[in-house]
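Peer 1: this one's structure only:
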């Protein structure tokens, strides 16, 4: 119960941070797009497009948090919390697409560098950098950018845009002082590599959750030892650990107990295991107690094969 309260509190803080960030980014994106048109700067227009992707990703993340608040029902027994992960994957894929587009644009600019009003470009790029620093600071201070994949995806969008602004500033200075037209596409390529890396990592983390992978902050060996070393437990099998969403890990397993154990003793045993596992980042657990008479397989991870009928066959 205590964890759920903490999860809801973090959830609310994340949502508030996203809303503030969304408003700031969307307002400045409009300013940058107008500035790009007035200065005839393709770099600024590209950065405005990058900020548009930030705005969209923040909007998606906001929608995801709102959907995640919907109560569980018979159709979605875990509720809609997993939608946050889907939003994170979408953000990651968007970052990869942006990086590929930047590469494509850079090739054209290397061949034929466009004329840029570098002074205007420099001023707007500096303001853009300050805006992104403020938004990144708000996210780091008020949101969970480490554990929450949805927040992390949105945060990385802002960081990559900050790098884009730095690239635009350097390029503008090089064009202004040395007339190096190729500085603009070179800066774009460097940023694209960083954006691609961020996109890959967020997508990989999101897909790991969707594939029911073991959470990175859970040591399965330690979890097994905690259960097996609990007084009254003779063995553990059919163990599964996964994430429902960021910061909400679940576990299910079968634990073997003595034939003569009473219901009261079983309940006390379960309470002890639940207490111990909560300190090991397991927040939702289902433990089936059974006697050795009902034991089918003593392996920790039962090999399960789905039959055509939908039933599971244990080897």
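Peer 2: Yep, it's here. These numbers were taken from a predicted model, which means no experiment stands behind them.
Peer 1: tell me who's in contact with the closest residue to residue 239 other than its chain neighbours.
Peer 2: Residue nearest to residue 239 in three dimensions, not counting chain neighbours: residue 253, with 4.0 Å by Cβ to Cβ, 6 or more residues apart in numbering. Yep, even glycine has a C-beta here, placed from its N, CA and C like the rest. Applying Cβ atoms under 8 Å, 6 or more residues apart in numbering to residue 253 gives the contacts 227, 236-240, 286-288.
Peer 1: low-confidence bits of the protein, can you list those?
Peer 2: 1-12, 40-43, 49, 68, 144, 147, 149-150, 293-315 (pLDDT under 70).
Peer 1: give the residue farthest from the middle of it.
Peer 2: residue 260 (46.5 Å; Cα atoms, centre = their mean).
Peer 1: thinking again about what came up before, closest one of the contacts of residue 253 to residue 72?
Peer 2: residue 286 (14.9 Å; Cβ to Cβ).
Peer 1: run the chain-centre distance for the helix or strand harbouring that closest one.
Peer 2: Using DSSP states H and E, residue 286 falls within strand 284-291. Centroid separation for strand 284-291 versus its chain: 30 Å, with Cα atoms, centre = their mean, to the nearest Å.
Peer 1: I'd like the numbering to begin with 16 instead of 1 from here.
Peer 2: OK, 16 is where the count begins now, so the last one is strand 299-306.
Peer 1: before we move on, back to that, confirm that the residue farthest from the centre of the chain sits in a helix.
Peer 2: No: counting by DSSP: H, G, I helix; E, B strand; the rest coil, residue 275 is not found in a helix; it is coil.
Peer 1: the chain: strands as residue ranges?
Peer 2: Shown for the chain, the strands assigned by DSSP state E span residues 248-260, 263-272, 299-306, 319-321, 327-329.
Peer 1: please name the residues that touch the residue nearest to residue 117 when sequence neighbours are not counted.
Peer 2: Spatial nearest neighbour of residue 117, excluding adjacent residues (Cβ to Cβ, 6+ apart): residue 207 at 3.8 Å. Residues near residue 207 by Cβ under 8 Å, 6+ apart: 113-115, 117-118, 121.
Peer 1: do the same with residue 35
Peer 2: Contacts of residue 35 (Cβ under 8 Å, 6+ apart): residue 153.
Peer 1: from residue 154, how far out is it?
Peer 2: Distance, residue 35 to residue 154, by Cβ to Cβ, to the nearest Å: 9 Å.
Peer 1: so what's the residue nearest to residue 254 bridging to?
Peer 2: residue 302 (DSSP bridges).
Peer 1: count the neighbours of the closest residue to residue 70 other than its chain neighbours for me.
Peer 2: Using Cβ to Cβ, 6+ apart and skipping residues adjacent in sequence, the residue nearest residue 70 is residue 41, 4.6 Å away. Neighbourhood size, residue 41 [other Cβ atoms under 10 Å]: 16.
Peer 1: isn't residue 41 right up against residue 71?
Peer 2: No: using Cβ atoms under 8 Å, residue 41 is not in contact with residue 71, being 9.6 Å away.
Peer 1: need the residues that contact stretch 49-62.
Peer 2: 47-48, 63, 117, 120, 124, 129-132, 135-136, 139-140, 143, 176, 179-180, 183, 186-187, 199, 203.
Peer 1: need the buried ones from those residues selected in PyMOL.
Peer 2: Applying 16 or more other Cβ atoms under 10 Å to these, the buried members can be selected in PyMOL as follows:
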select buried, resi 47+48+63+117+120+124+131+132+135+136+139+140+143+176+179+180+183+186+187+199+203
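Peer 1: the residue farthest from the centre of the chain and residue 246: what is the separation?
Peer 2: Taking Cβ to Cβ, one finds residue 275 at 14 Å from residue 246.
Peer 1: now do the contacts for the residue lying closest to residue 66 once chain neighbours are set aside.
Peer 2: Counting by Cβ to Cβ, 6+ apart, residue 66 lies nearest to residue 44, which is 3.9 Å off, once chain neighbours are set aside. Residues near residue 44 by Cβ under 8 Å, 6+ apart: 63, 66-67, 69-70.
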